[in-house]
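Participant: 3D model of this:
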Amino acid sequence: MEVAVVHYPAERDRLDALRGQDAPRLLLVESEEPPPQVDDCLEDWIRLPASDADVEARKRALASRHEEHSPERPELDENGVLRRGAAWVALPPVEARLFTALLERMGRVTTRNDLNAAGWPAEAPDRNVLDVHILHLRRKTAALGLAIRTIRSRGYLLEAVGPAPDAPLNGRGTAAPIGAPARA
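Facilitator: Next comes the predicted model:
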């Protein structure tokens, strides 16, 4: 998610529009201006003049908060039900443990070693076993607008590639028939 940089108070109208979109925003406050009241975790400010490093650090923090507070962030419950938006899929225990490891590092690489330790705490399985479970996870999570990317020689990366579904699925990652109850 791109963090909007807003010159304050000169771009106050733009700031109001961004607030309405729940976009993360960093306000660059002119040196003589009083700072604005900030009541939203998606907004921060820094007084000018500010170094590029300080501005970038604030932008990274805002992007991280946006990811954490996004209503579209997937949630996995203790029963292996993965929800995003109005949709959900059921994950068996091994896949739920693997997805938990991916979710904890969403947007960053999760190594094969970390995934093996999460999926099989006692002993890592053959290489192909992890690959098969990742393939199953990819198929199930694609319907939720999520992708598990292979990062060659490193591991895997979980990312949102589309909006959260606004309609229920049947629990297996496909759309439920209209009027039909969702089932696992």
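
Participant: can you report how many residues lie near residue 143?
Facilitator: 19 (other Cβ atoms under 10 Å). All C-beta spots, glycine's among them, are computed from the backbone N, C-alpha and C.

Participant: over to it: give its phi and psi.
Facilitator: phi -70, psi -20 (degrees, to the nearest 10).

Participant: thinking it is in contact with residue 88, fair?
Facilitator: No: if you go by Cβ atoms under 8 Å, residue 143 and residue 88 don't touch, sitting 9.8 Å apart.

Participant: all helices for this structure, in order.
Facilitator: Remark: helices assigned in the chain by DSSP state H are 12-20, 52-69, 93-104, 112-119, 127-142.

Participant: of the ones you listed, which stretch is the most buried?
Facilitator: helix 93-104 (a mean of 19; mean count of other Cβ atoms under 10 Å).

Participant: domain-wise, how is this structure divided?
Facilitator: Here the domain parsing of the chain from automatic domain parsing is 4-69, 75-160.

Participant: need these in CSV with distance to residue 166 and mean pLDDT, can you?
Facilitator: Supplementary listing: those in CSV, determined by distance: least, Cβ to Cβ, whole Å; pLDDT from 0 to 100:
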stretch, distance to residue 166, mean pLDDT
domain 4-69, 16, 90
domain 75-160, 5, 93
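
Participant: and the residue of the chain most remote from its centre, how far is that from residue 125?
Facilitator: The C-alpha centroid of the chain is most remote from residue 32, which lies 37.2 Å away (Cα atoms, centre = their mean). Using Cβ to Cβ, to the nearest Å, residue 32 is found at 63 Å from residue 125.

Participant: around residue 111, count how many other residues there are.
Facilitator: Every residue meeting other Cβ under 10 Å relative to residue 111 is counted, giving 14.
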